[in-house]
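K.L.:
here is my input, please return the structure:
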Amino acid sequence: MSAVPVVTCPDCDGMTFTLDPCRCTTYGDRFLADADDLAPPREAYRQCEQCRGAGHVAYPCHRCDRRGRRRAQLVVTVANLDTGAVASHQVVPGGLDPHRDPAGRWVVDLASRVRELAATVGAVVTDTDAPSLWLDRQWRPDLPAALRHELEAHALLRADHAPWRLVLGRSTSAPTVDPAARLARLRALADLLLLDLVVEARRQGVGFGWAVRYEVPGSPVPSGSSGRWRDLPEALVDTDVADALTGLADRGRAAPARLLRPDSPRPPAAPTVDVDQLERRILADCVDPGGGDELPGAQALWRDGRWWHTTLRPGEPVEILAEQPTGQVVRRVSVPVGRGYHPPDPSWLGEPVDWRPCPDCRPHTRLRACDCRLGGRIADSDCPHCAGAGLRPSALRCFTCGDSHRLHRAVLVTVTDLRHRVVHLTWHAGTPEVAPLVATQPNGRPVVQLPDRYRLGSWAAVLGARPEDLADIDGGHEIGKDLRDGYVTLPWAGADPVGEQVRDAGRGTGAGRLIVVAAPPDAPPLAELLRLALGLDLALVVGVYDLRHNTGDPLLADGLRWSVEVQPRDAPVLPDDLPYRPSLAAALASCRECLTDAVAGAAPIDPAVPIPRPWSGPRGILPDPEPDLLRLAARHAGQAVTVRFTRAGCAVHRHDDDGVRLLARTRDLRGLR
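P.N.:
Numbers count the residues shown, from 1 in each chain. As a prediction, the model looks like this:
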């Protein structure tokens, strides 16, 4: 493999660290500063806790990872997921083909190279993910070669945060998304889950930013501009169900909790609305009919089978004080945005849910329960963190309430397959239930098990899903064993088990609602990812942990745990790399989501070692290794097994108490006995 140019890091001049102005110089020698008052000249804060008044702080250079040298190389790889074909292009100084852009600057268009590679492997790509490299203004074709190459190296270094770019495609183009069909799908799901669908336009400079999202009724308008799409059709094309649900709990954390009446009569759904018509109506609402100042934006809410339109109007300014790491306090003035019109409550909302303030945090502060109070203990008067107050500042969310600052007396649980089936449950604290003792924690706390109606795993079976497929709809996090099987650890004997279940399920939710999806994630086949990893000449590392012998033990993890990752061929198997995904589909979906980042991270750490340039033709689909992996896991039940698949074969490792042990090297798992 030929050598690549290695140049001195221009960010630190080869010193491995940078001497940058301290953050305190942004606000000058003031303890209390206004965020908008940044008039130069800037000076250091004499009592700064970071620079001690010097005005400069030394930071390790993150661009060269404290090596002082960087590799002037960029590799773009295109892979066809349907055939396994891979083609790569290397960009190094002297190999660029720049042209002038309309502004007269010299630019290297790597998107055209990606299209050429895609044609080579027979793939259709939609997202090239290839940057355009702008050369320094000093660059000219008639400069001496050494100077030209130096300037080209600097252009490459500006893009070396991801020195190996992977672009994925398929043999045929993906079906185009119809904005009207996507909007109809989002509306139908809002009716199914009893949520609001919000379509919003916010002013951004001379234009508008659009956003499409779900909210629980009563959620405040998010601060700042939340939309990043130029028009509504573009926002709908790029916003699927998972995107619209992301952040649902954060948006509804301050919304009041209300009981649900899913069987209440509702008005008939309005006829299909043309997307352009909806867009024009929202834009028209952004204009103040009174001729005053321009409004911040407007919204359309889908609720109770119809669209409700409202303007967005600025509220009263709010002063916010923020402590800085320098010891200074910065004052910011925020102007919240609210709805000019509040639609009537949906017919499916019932009575308010009772609640009490959280005892372990304070609203509008960073005070959280101190560690000295863990386990229900009384605050330690000699505690070095809280001095007996029981509360201490923390950047983490309150573990008790998830920063909702409320402990509700009921939690509203929705289990759905995201298609047409849904179950709405309400768990009330204080409900008398027969909960037999099933175990005792090492600290003596009793563990009880609630009946089937409190076990989400039982409701998953009703919807035709497996318990291991249960996940929080906001972010896809696994539903833990306690909620899945109805296990509750009581703080003391005789405590209310349903109340403890309600507090656990409702922690950090929006309006006291926990929405769970009971369906396997959309994941590629294991054999497809294996073929891709081999085509890239990398390793596909699959881990499996057979804990099925723990089934029925509330104190131990059970089931099968999986992990799937793409790593460099020679990366070691670490003892702490244990599988933790609840299913193979979840592990495959995670691997696919992080694939481009994993390939970028597979670039050699040593800048003197070139980045690989994989190139391979189509290859047949490989046999599915899942049955052999299950056989291996069962043979070593209770111990994690990690298998590294490479072009040279596979290596089987077992995680023992004293580290990782290599069990075998073989061409394929089928020959391993």
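K.L.:
and the most centrally placed residue in the chain, what does it touch?
P.N.:
The centroid of the chain falls nearest to Gly475 when counting by Cα atoms, centre = their mean (6.6 Å). By Cβ atoms under 8 Å, 6 or more residues apart in numbering, the residues touching Gly475 are Thr246. For the C-beta atoms, the positions are set from N, CA and C on the backbone; glycine is no exception.
K.L.:
ditto for Gln328
P.N.:
By Cβ under 8 Å, 6+ apart, the contact set of Gln328 is 24, 27, 30-33, 45, 48.
K.L.:
what does Thr16 give?
P.N.:
The contact partners of Thr16, by Cβ under 8 Å, 6+ apart, come to 60-61, 64, 66-68.
K.L.:
check Arg261 too.
P.N.:
Residues counted as contacts of Arg261 (Cβ under 8 Å, 6+ apart) are 347-350.
K.L.:
equivalent analysis for Arg503, please.
P.N.:
400, 407, 429.
K.L.:
what of Gly28?
P.N.:
So, once contact is read as Cβ under 8 Å, 6+ apart, Gly28 ends up touching 42-43, 45.
K.L.:
so it: helix, strand or coil?
P.N.:
The three-state label given to Gly28 by DSSP: H, G, I helix; E, B strand; the rest coil is coil.
K.L.:
so which of the contacts of Arg261 are in strands?
P.N.:
349-350 (DSSP state E).
K.L.:
which among the contacts of Arg261 end up buried?
P.N.:
348-349 (16 or more other Cβ atoms under 10 Å).
K.L.:
what about Arg453, how many residues close to it?
P.N.:
11 (other Cβ atoms under 10 Å).
K.L.:
what's the end-to-end length of stretch 476-484?
P.N.:
Using Cα to Cα, to the nearest Å, one end of stretch 476-484 lies 15 Å from the other.
K.L.:
err, stretch 541-559, not the other one
P.N.:
End-to-end for stretch 541-559, by Cα to Cα: 20 Å.
K.L.:
swap in stretch 224-239?
P.N.:
19 Å.
K.L.:
contacts for it, please.
P.N.:
177, 179, 182-183, 186, 199-204, 207-213, 275-276, 278-279, 282.
K.L.:
and stretch 616-631, by the same measure?
P.N.:
With Cβ under 8 Å, 6+ apart, stretch 616-631 has contacts from 80, 83-86, 122, 525-528, 530-531, 534-535, 537, 542, 544, 560, 584, 641, 643, 645, 668-670, 672.
K.L.:
change it to 6 Å
P.N.:
83-86, 526-527, 530-531, 535, 544, 669 (Cβ atoms under 6 Å, 6 or more residues apart in numbering).
K.L.:
list the buried residues for that stretch?
P.N.:
616, 622, 625-626, 628-629.
K.L.:
and stretch 480-495, by the same measure?
P.N.:
Buried, per 16+ other Cβ under 10 Å, within stretch 480-495: 480-490.
K.L.:
what is the neighbour count of Asp29?
P.N.:
Residues within reach of Asp29, counting by other Cβ under 10 Å, total 17.
K.L.:
my guess is Arg280 is in a helix, correct?
P.N.:
Yes. Assigned with three-state DSSP, Arg280 falls within a helix.
K.L.:
helices of the stretch 101-250 of the chain, residue ranges please.
P.N.:
Here the stretch 101-250 of the chain has its helices, by DSSP state H, counting those that start in this stretch, at 110-121, 145-157, 179-193, 232-238, 241-245, 248-251.
K.L.:
thinking again about what came up before, could you export the contacts of Gln328 as JSON lines, including pLDDT and distance to Ala153?
P.N.:
Converted to JSON lines, the contacts of Gln328 look like this (pLDDT from 0 to 100; distance: Cβ to Cβ, whole Å):
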{"residue": "Cys24", "pLDDT": "90", "distance to Ala153": "35"}
{"residue": "Tyr27", "pLDDT": "87", "distance to Ala153": "37"}
{"residue": "Arg30", "pLDDT": "89", "distance to Ala153": "42"}
{"residue": "Phe31", "pLDDT": "91", "distance to Ala153": "45"}
{"residue": "Leu32", "pLDDT": "90", "distance to Ala153": "46"}
{"residue": "Ala33", "pLDDT": "88", "distance to Ala153": "40"}
{"residue": "Tyr45", "pLDDT": "92", "distance to Ala153": "38"}
{"residue": "Cys48", "pLDDT": "93", "distance to Ala153": "37"}
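K.L.:
which of the residues you listed sit farthest apart?
P.N.:
Among those, the pair separated by the greatest distance (Cβ to Cβ) is Leu32 and Cys48, at 14.3 Å.
K.L.:
those two - which one has more neighbours?
P.N.:
Cys48 (22 against 10).
K.L.:
for burial, what's the neighbour tally of the nearest residue to the more buried one once chain neighbours are set aside?
P.N.:
Once flanking residues are discounted, Cys48 sits nearest to Cys24: 4.2 Å by Cβ to Cβ, 6 or more residues apart in numbering. Here the number of neighbours of Cys24 (other Cβ under 10 Å) works out to 29.
K.L.:
please apply the same query to Leu578.
P.N.:
A count of nearby residues for Leu578, using other Cβ under 10 Å, gives 13.
K.L.:
now the one 5 residues further on
P.N.:
Other residues within reach of Ser583, judged by other Cβ under 10 Å, total 21.
K.L.:
ok, it - contacts?
P.N.:
By Cβ under 6 Å, 6+ apart, the contact list for Ser583 reads Glu468.
K.L.:
nearest to Arg303 among the buried residues of stretch 616-631?
P.N.:
Nearest to Arg303 among the buried residues of stretch 616-631, with distances taken as Cβ to Cβ, is Glu626, at 44.4 Å.
K.L.:
pLDDT score assigned to that closest one?
P.N.:
We have a pLDDT of 94 for Glu626.
K.L.:
got the contacts of Arg503 as a markdown table, with distance to Pro5 columns?
P.N.:
Listed next are these as a markdown table, based on distance: Cβ to Cβ, whole Å:
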| residue | distance to Pro5 |
| --- | --- |
| Thr400 | 56 |
| Leu407 | 61 |
| Ala429 | 66 |
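K.L.:
of the contacts of stretch 616-631, which is the nearest to Arg356?
P.N.:
Taking Cβ to Cβ as the measure, Val544 is the one of the contacts of stretch 616-631 closest to Arg356, at 44.5 Å.
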